[in-house]
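Undergrad: Sequence and predicted structure below; questions after.
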Amino acid sequence: MAQTIVKPTFSKKTYLEWYELMKRIREFETACYRIYSSKFEGRREIQGFLHVSNGQEAIAAGMTSAMNKDDIVITAYRDHGNAIAKGISTNKCMAELFGKVTGCTKGKGGSMHFFDKEKGFWGGHGIVGAQIPLGAGIAFSEKYRGSKKVCFTMFGDGAARQGALHEAFNMAMNWKLPVVFICENNKYAMGTSVERTSNVHEIYKLGSAYDMPSEPVDGMSCEAVHNAIAKAAKHVRSGKGPYFLEINTYRFHGHSISDPKLYRTKDEETDYKGIDPIKVVKSLILENKFATEKKIKAIDAAAKQEIKDAVEFARASDFPDDSELYNDVYLQKDYPFIMD
Ligand SMILES: Cc1ncc(C[n+]2csc(CCOP(=O)(O)OP(=O)(O)O)c2C)c(N)n1
Ligand SMILES: [Mg+2]
């Protein structure tokens, strides 16, 4: 696939905002990949699982420009980019990866469990597909309380094969809940391709079983994502019930850091890197003289510095105190067996 220069259909301001956000996310992901794979003063600073979203940034960018600030996002464990897009500071995100008390989940959640209720980011969920009914539940709560918020419920192509999806789709349609279901189809669930998990390869078609309006979206294009999200959100906010988008994308790295990616070809990777959304938006900005090379370099440098600062912040922060162990988890302090 050759990189194509698209004529602008959005304002200069929007393209620059998309570029800046995607660049910040890419720098964050690249930094945590590097830190995870190395040691600092003899120890690994980021432990546990780590799943990065390099390549999928146009989804976060297009969603951010199309949704209302007080809308809600809930997603799976590949959550860093969507959390940053929803406004959680990179300091808090990096500190969470370092297991520090200043993290967005006070250092107890790690990579898979970013969370910030104030920002409308309801996680970060490690159980594949678990967030699909949770997202429908959040939408139920918003409808019940009469708010106009939409809950954007995101999941992967692997999660789309979970039974919970069908129960959630059914009830969400039946109750006309304000939810946009979004499948980030990055072609693989760990090392298993979409083609190997079902006879139905076009995941958006699952919505038709529930009469849910559903469509595929080009997830390497910020414009396409924005347009689809805006259309879906308008439909949902008018009270007509859920909408389902299958956003087709690609993860440049393996499933997690330890994945050697033996299940896919170098040609496939090269093709998708040719349509890297950051490169596409950068070319469009330069071609249309929305910014000079110098301005682009300044945005790049600012993103690099922000993430460098976030690493310093995380490094300098404290680990949670032992007394915090049972706070904010689904266990009661006075539950008998934990006292022994
Ligand atoms: C219920 C459950 N089953 C299996 C796993 C192990 N697992 C972790 S990630 C994953 C693949 C999910 O792929 P997908 O939904 O496509 O998301 P992606 O990693 O591509 O973002 C699996 C099977 C799990 N975490 N939870
Ligand atoms: Mg996947």
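TA: Received the coordinates, thanks. Bear in mind the structure is a predicted one, so any value in this text is a computation, not a measurement. Ligands and ions are numbered 1, 2, ... in the order given.
Undergrad: mind listing the strands for the stretch 201-340 of the chain?
TA: 214-218, 243-248 (DSSP state E, counting those that start in this stretch).
Undergrad: quick one: which of those strands is nearest Ala189?
TA: In this view, these are compared for proximity to Ala189 by Cβ to Cβ, and strand 243-248 is the closest at 14.2 Å. No exception for glycine: its C-beta is placed from N, CA and C like everyone else's.
Undergrad: show me the contacts for Tyr263.
TA: Contacts of Tyr263 were listed using Cβ atoms under 8 Å, 6 or more residues apart in numbering, and they are Tyr188, Gly191, Thr192, Ser193.
Undergrad: any idea how far the closest residue in space to the second one that isn't next to it in sequence is from Lys92?
TA: In this case it means Gly191. Once its chain neighbours are removed from consideration, Gly191 has its nearest residue in Tyr263; the separation is 4.2 Å (Cβ to Cβ, 6 or more residues apart in numbering). In this structure, Tyr263 and Lys92 are separated by 34 Å, where distance is defined by Cβ to Cβ, to the nearest Å.
Undergrad: circling back: out of the contacts of Tyr263, grab the one that's most surrounded.
TA: Each of the contacts of Tyr263 was scored by neighbours using other Cβ atoms under 10 Å; the highest score is Tyr188's, at 22 neighbours.
Undergrad: And stretch 201-212, what's buried?
TA: When neighbours are counted by 16 or more other Cβ atoms under 10 Å, the buried residues of stretch 201-212 are found to be Ile203, Tyr204, Leu206, Gly207, Tyr210, Met212.
Undergrad: Figure out how far it is from the centre of its chain.
TA: 22 Å (Cα atoms, centre = their mean, to the nearest Å).
Undergrad: Check stretch 99-106 too.
TA: Taking Cα atoms, centre = their mean, one finds the center of stretch 99-106 at 19 Å from the center of the full chain.
Undergrad: What are the buried residues along it?
TA: Neighbour-count burial for stretch 99-106, counted by 16+ other Cβ under 10 Å, picks out Gly99, Lys100, Thr102, Gly103, Cys104, Thr105, Lys106.
Undergrad: Now for those residues: which two are most distant?
TA: Comparing all pairs in the buried residues of stretch 99-106 by Cβ to Cβ, the longest separation belongs to Gly99 and Cys104, at 12.1 Å.
Undergrad: which stretches of the stretch 151-300 of the chain form helices?
TA: Using DSSP state H, counting those that start in this stretch, the helices found in the stretch 151-300 of the chain span residues 163-174, 194-197, 222-235, 266-273, 277-287, 293-316.
Undergrad: closest point of the stretch 51-200 of the chain to ligand 2, which residue?
TA: Gly156 (3.7 Å; Cβ to the ion).
Undergrad: and that residue, how many neighbours?
TA: Around Gly156 sit 26 other residues, with neighbours defined as other Cβ under 10 Å.
Undergrad: and the stretch 51-200 of the chain, which residues reach ligand 2?
TA: Taking Cβ under 5 Å from the ion, the part of the stretch 51-200 of the chain that reaches ligand 2 is made up of Gly156, Asp157, Asn186, Ala189.
Undergrad: any idea which of the residues you listed has the most stuff around it?
TA: In those, the most neighbours by other Cβ under 10 Å go to Gly156, 26 neighbours.
Undergrad: surely Thr14 meets Thr64?
TA: No - using Cβ atoms under 8 Å, Thr14 and Thr64 do not qualify as a contacting pair, with a distance of 10.1 Å.
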